[in-house]
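Undergrad: what follows is a predicted structure for the sequence shown.
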Amino acid sequence: MRRSTGAAMLALFFTTAAVAADNRFCGGPVPQTGEPTDLAHVVGDQTLEYIVDQPASLMVCSKGYLLEKCGDHDNARKVFDKCIAAGYIGAMIWKALMLQDGAGGVTPDLPAAAELMHRAALAGDSPYATLGKLHYASALQAGRGVPKDETEARKWFEAAARDGNPDAIEFLRTGYHVGDRDGQARGTGTPPPLASSEPTQPLPGELFEAAQRTVADLPAQVMPHFSARRLLDAPLATPPVRPPSPVEVPPPPTPVAGRHLAKLAEPLVQPAGTASGGLAALFGVLLLSGALRQSLRAPTARRSLSLYQA
C-alpha cells in the first residue's frame with residue numbers, strides 16, 4: 001500500500017512539473033481526452049493554439065506579440081515569420097527585437113535584426129515604419145549589426161523626427177535617446193553630462209524648512225505681519241473676544257383699521273315646529289284633492305252601471 005501511494009505521488013509530481021514547464025500557447029495546450037463528445041477539451045477558434053496555425057492577418061500577428069510576452073518564443077517566431085512574408089511591418093519590428101535580444105535562449109543575430117529594421121523603415125507611411133527608422137538609425141549610430149556610420153544614422157534620425165518620433169527628436173537635441181536600449185539598459189548615443197551648477201527641484205520638506213528659517217530670521221518689527229502664516233511650537237495669541245451686542249426687541253405691530261366681523265351672541269336655530277307644520281299642510285292638501293277626484297268620478301260610475309244592468 002505504501003509503495004503504491006508513493007508511486008502515485010511521484011507520478012503526480014512529474015506530471016505537474018511537465019505541465020508547468022510546458023508554456024506553449026501561454027499556459028499549455030488544451031488537454032485532449034480522446035472522447036469525441038468531450039466538448040470541454042475542444043481547441044476553440046479563440047484559443048492561441050488555434051490561432052497559431054491560421055494564415056497571417058492583423059489579429060494573428062497581434063497574437064504573436066502576446067505569445068512572445070508570455071514566453072512562448074517558438075510559436076511567436078512561427079507567427080512572425082508568416083506575417084513578415086505577408087508584408088506586416090509590425091511583425092518585422094517584433095522579430096527584429098527578438099533577434100537583437102536573443103529571446104528564447106538563442107544566439108543574438110544582430111545583422112538579421114538590422115536588416116529587418118531597414119525593411120520596416122522603407123515600408124512606407126506607417127507608425128511601425130517610423131519605429132523602423134529609429135531602430136535602424138540606432139543600429140547605424142552604435143554599429144550594431146551594421147558598420148558604424150554616424151552620418152547615415154543622422155539622416156535616419158531626421159527622417160524619424162519628421163514623422164514626429166519623440167526619441168529621434170531627443171537624439172537630435174542631445175545626442176542621446178533611450179528608445180532603443182541594449183542588454184544593460186543603456187540608450188543610444190552619449191548621455192549628456194549633468195551640470196552640477198544646475199539647481200535641482202527642492203523637495204516639499206526642504207521648502208517647508210527653508211520657509212521656517214526665513215521667518216525666524218526676520219526682524220522683530222516685521223514678525224507681526226507674518227504671525228497668521230507662521231507654524232511655531234508656541235500657540236498663537238488668542239484675539240480678544242467682544243461681548244455680544246444686546247438684542248433689540250421690535251415694537252408690537254400697529255393694528256390696522258378696517259371692518260371687522262363681529263361674532264353673533266347666539267347661533268340662528270330654525271324652530272322645530274315649522275318643518276313639521278309644513279309637512280302636515282302638504283299632506284292635508286293631497287288628501288282633499290284625492291277626495292275631490294273620487295266625488296267627481298262617482299256619478300259617472302253609477303251611470304255606467306245602470307246602463308249595463310238595463
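TA: Received, thanks.

Undergrad: so where is the stretch 151-300 of the chain shaky, pLDDT-wise?
TA: 195-239, 255-277, 298-300 (pLDDT under 70).

Undergrad: before we move on, what about the stretch 1-150 of the chain?
TA: For the stretch 1-150 of the chain (pLDDT under 70), the answer is 1-21, 38-40.

Undergrad: quick one, helices of it?
TA: 2-21, 48-51, 58-69, 73-85, 89-101, 110-121, 127-142, 150-162 (DSSP state H, counting those that start in this stretch).

Undergrad: dump those helices to JSON lines, plus distance to residue 292.
TA: (C-beta placed from N, C-alpha, C; glycine too.) Below are those laid out as JSON lines (distance: least, Cβ to Cβ, whole Å):
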{"stretch": "helix 2-21", "distance to residue 292": "123"}
{"stretch": "helix 48-51", "distance to residue 292": "115"}
{"stretch": "helix 58-69", "distance to residue 292": "113"}
{"stretch": "helix 73-85", "distance to residue 292": "123"}
{"stretch": "helix 89-101", "distance to residue 292": "122"}
{"stretch": "helix 110-121", "distance to residue 292": "129"}
{"stretch": "helix 127-142", "distance to residue 292": "120"}
{"stretch": "helix 150-162", "distance to residue 292": "127"}
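
Undergrad: wait, doesn't residue 99 sit right on residue 116?
TA: Yes - at 7.1 Å, residue 99 counts as touching residue 116 under the criterion of Cβ atoms under 8 Å.

Undergrad: higher neighbour count, these two?
TA: residue 116 (28 against 23; other Cβ atoms under 10 Å).

Undergrad: strands of the stretch 101-250 of the chain, start to end?
TA: 176-177, 188-189 (DSSP state E, counting those that start in this stretch).

Undergrad: now tell me what touches the first one from outside.
TA: I take that to be strand 176-177. Strand 176-177 is contacted by residues 138, 167, 168, 170, 171, 187, 188, 189, 190, 191, 192 when judged by Cβ atoms under 8 Å, 6 or more residues apart in numbering.

Undergrad: if we can go back for a sec, residue 288: which of the helices of the stretch 1-150 of the chain is closest?
TA: Nearest to residue 288 among these is helix 58-69; the distance by Cβ to Cβ comes to 111.8 Å.

Undergrad: what helices or strands is the closest one leaning on?
TA: helix 48-51, helix 73-85, helix 89-101 (3 or more Cβ pairs under 8 Å, 6 or more residues apart in numbering; DSSP states H and E).

Undergrad: return the most buried member of these.
TA: helix 89-101 (a mean of 23; mean count of other Cβ atoms under 10 Å).

Undergrad: put the alpha carbons of stretch 282-297 into PDB.
TA: What follows is the C-alpha trace of stretch 282-297 in PDB, where atoms were taken according to Å, rounded to 0.1, in the frame of the first residue of the first chain:
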ATOM      1  CA  LEU A 282     -99.000  69.400   2.400                       C
ATOM      2  CA  PHE A 283    -100.400  66.100   3.500                       C
ATOM      3  CA  GLY A 284    -103.900  67.700   4.000                       C
ATOM      4  CA  VAL A 285    -103.900  69.300   0.500                       C
ATOM      5  CA  LEU A 286    -103.100  66.000  -1.100                       C
ATOM      6  CA  LEU A 287    -105.900  64.300   0.900                       C
ATOM      7  CA  LEU A 288    -108.500  66.800  -0.100                       C
ATOM      8  CA  SER A 289    -107.500  66.700  -3.800                       C
ATOM      9  CA  GLY A 290    -107.900  62.900  -3.700                       C
ATOM     10  CA  ALA A 291    -111.300  63.100  -2.100                       C
ATOM     11  CA  LEU A 292    -112.500  65.600  -4.700                       C
ATOM     12  CA  ARG A 293    -111.400  63.400  -7.600                       C
ATOM     13  CA  GLN A 294    -113.300  60.500  -6.100                       C
ATOM     14  CA  SER A 295    -116.500  62.600  -5.800                       C
ATOM     15  CA  LEU A 296    -116.300  63.700  -9.400                       C
ATOM     16  CA  ARG A 297    -115.900  60.100 -10.700                       C
END
